[in-house]
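Peer 1: Sequence and computational prediction follow.
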Amino acid sequence: MVKSPLLKRRIRSLRIGGMVERVRPGVSARQARVVLFDFDGTISLIRAGWMDVMVPMMLEILLDLKTGESEESLRALVVDFIARLTGKQTMYQMIELANQVELRGGKPLDALAYKRMYLDLLHAKIAHRLEELRRGQAPPDKYVVPGARQLLETLKERGLKMYLASGTDQPYMREEADLVGVSQYFDGRVYGALDDYKSFSKKILIQRLIASAECAGPAFLGFGDGYVEIENVKEVGGVAVGVATAEPECLAVDEWKRKRLIGVGADFIIPNYLCRQELLAELFPQ
């Protein structure tokens, strides 16, 4: 597979199987009772390459305003706000796009129209992956971050209660979780974006769990490849593992992701879950 120059710059090579980078000394998940997983890029690879769809779409819209800004500067702007909002519902990225159009004197479409435009482009890119899985022409693990299934099995065996949450629309996300065979680990606790995008988020889910006295902040363990889920877990005093995997091979750390995940508080950084035993030893020391 030919990698874009952006992707080449972002990848930092590591040994196959990966390694655990401990960012904050002394942190462990001994008290963990609840685990929150992001979905896309953290477990599922069905939507790998989504930024290669979203960035060009947004860039074209902003370039069409002919403000005199360079393509390079607009690309940097778009990449920055997409990354900052990754993990939130897709709608938030589209709201920011509309804001940027308006700031430049343009007349933006409704954010929902931008979202539909993006989803049409993305679904064209991933349609063959979904069809492969639906027809049983590809093993589910082809579209799962390496080692994720084994980690999920281990955490469930430890008696941890697991939640899966995503910024992807809930109907799509639940189908995709079924297709890659991970829904079983979450016992129905699978949540995605809703049409009323203000009514659900990972932050709201965490707050509900705490309010219901299901667990306190230190009892949270979170896994994610985006700003949002890491930040949300750290806000309540939980332990956060940043999955800074370079998609789609997932055999190296993406340095761009790594820096941003550390910046919002990740306690550990991993390139995949092939380092499962090492990670478990770090999280649950004897």
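Peer 2: Ah, there it is. Residues are numbered from 1 along each chain as shown.

Peer 1: So Arg105: helix, strand or coil?
Peer 2: Quick fix: residue 105 reads Gly, not Arg. Secondary structure assignment for Gly105 (DSSP: H, G, I helix; E, B strand; the rest coil): coil.

Peer 1: could you list every residue that touches it?
Peer 2: Leu65, Thr67 (CB atoms under 8 Å, 6 or more residues apart in numbering). Yep, even glycine has a C-beta here, placed from its N, CA and C like the rest.

Peer 1: Which residue, other than its chain neighbours, is closest to Tyr163?
Peer 2: Nearest non-adjacent residue to Tyr163, counting by CB to CB, 6 or more residues apart in numbering: Arg189, 4.5 Å away.

Peer 1: roughly how far apart are that neighbour and Val35?
Peer 2: Here Arg189 is placed at a distance of 10 Å from Val35 (CB to CB, to the nearest Å).

Peer 1: Comparing the two, which residue is more hemmed in?
Peer 2: Neighbour comparison, Arg189 and Val35: the larger count goes to Val35, with 27 against 15 (by other CB atoms under 10 Å).

Peer 1: still on that earlier bit, hey, what's in contact with both of Arg189 and Val35?
Peer 2: Common contacts of Arg189 and Val35, defined by CB under 8 Å, 6+ apart, comprise Lys161, Met162, Tyr163.

Peer 1: Which ones among those residues map onto strands?
Peer 2: Here DSSP state E is the test, and those give Lys161, Met162, Tyr163 as lying in strands.

Peer 1: And the shared contacts of Arg189 and Val35, which is closest to Leu274?
Peer 2: Nearest to Leu274 among the shared contacts of Arg189 and Val35, counting by CB to CB, is Met162 at 19.8 Å.

Peer 1: now the nearest residue to that closest one once chain neighbours are set aside: how far from Thr42?
Peer 2: The spatially closest residue to Met162, leaving aside those adjacent along the chain, is Val35, at 4.7 Å (CB to CB, 6+ apart). Separation of Val35 from Thr42 (CB to CB) stands at 12 Å.

Peer 1: what is in contact with these two at once?
Peer 2: Phe223.

Peer 1: Counting neighbours, which bits of stretch 47-66 end up buried?
Peer 2: 47-51, 53-54, 57-59, 61-62, 65 (16 or more other CB atoms under 10 Å).

Peer 1: Can you pick out the most distant pair from those residues?
Peer 2: Farthest pair in those, by CB to CB: Ala48 and Leu65, 30.1 Å.

Peer 1: any idea which helix is longest in the protein?
Peer 2: Longest helix of the chain, by residue count under DSSP state H: helix 111-134.

Peer 1: Alpha carbons only: can I get that one in PDB?
Peer 2: Written as PDB, here are the backbone C-alpha positions of helix 111-134 (Å, rounded to 0.1, in the frame of the first residue of the first chain):
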ATOM      1  CA  ALA A 111     -23.900  21.100   9.600                       C
ATOM      2  CA  LEU A 112     -26.100  18.100   9.000                       C
ATOM      3  CA  ALA A 113     -25.800  18.600   5.200                       C
ATOM      4  CA  TYR A 114     -22.000  18.600   5.600                       C
ATOM      5  CA  LYS A 115     -22.300  15.400   7.600                       C
ATOM      6  CA  ARG A 116     -24.400  13.700   5.000                       C
ATOM      7  CA  MET A 117     -21.900  14.800   2.300                       C
ATOM      8  CA  TYR A 118     -19.000  13.300   4.300                       C
ATOM      9  CA  LEU A 119     -20.800  10.100   5.100                       C
ATOM     10  CA  ASP A 120     -21.700   9.500   1.400                       C
ATOM     11  CA  LEU A 121     -18.000   9.900   0.600                       C
ATOM     12  CA  LEU A 122     -16.900   7.700   3.500                       C
ATOM     13  CA  HIS A 123     -19.400   5.000   2.700                       C
ATOM     14  CA  ALA A 124     -18.200   4.800  -0.900                       C
ATOM     15  CA  LYS A 125     -14.700   4.200   0.500                       C
ATOM     16  CA  ILE A 126     -15.600   1.500   3.000                       C
ATOM     17  CA  ALA A 127     -18.500  -0.200   1.200                       C
ATOM     18  CA  HIS A 128     -16.300  -3.100   0.000                       C
ATOM     19  CA  ARG A 129     -15.100  -3.700   3.600                       C
ATOM     20  CA  LEU A 130     -18.700  -3.900   4.900                       C
ATOM     21  CA  GLU A 131     -19.700  -6.200   2.000                       C
ATOM     22  CA  GLU A 132     -16.700  -8.500   2.700                       C
ATOM     23  CA  LEU A 133     -17.800  -8.900   6.300                       C
ATOM     24  CA  ARG A 134     -21.500  -9.300   5.600                       C
END
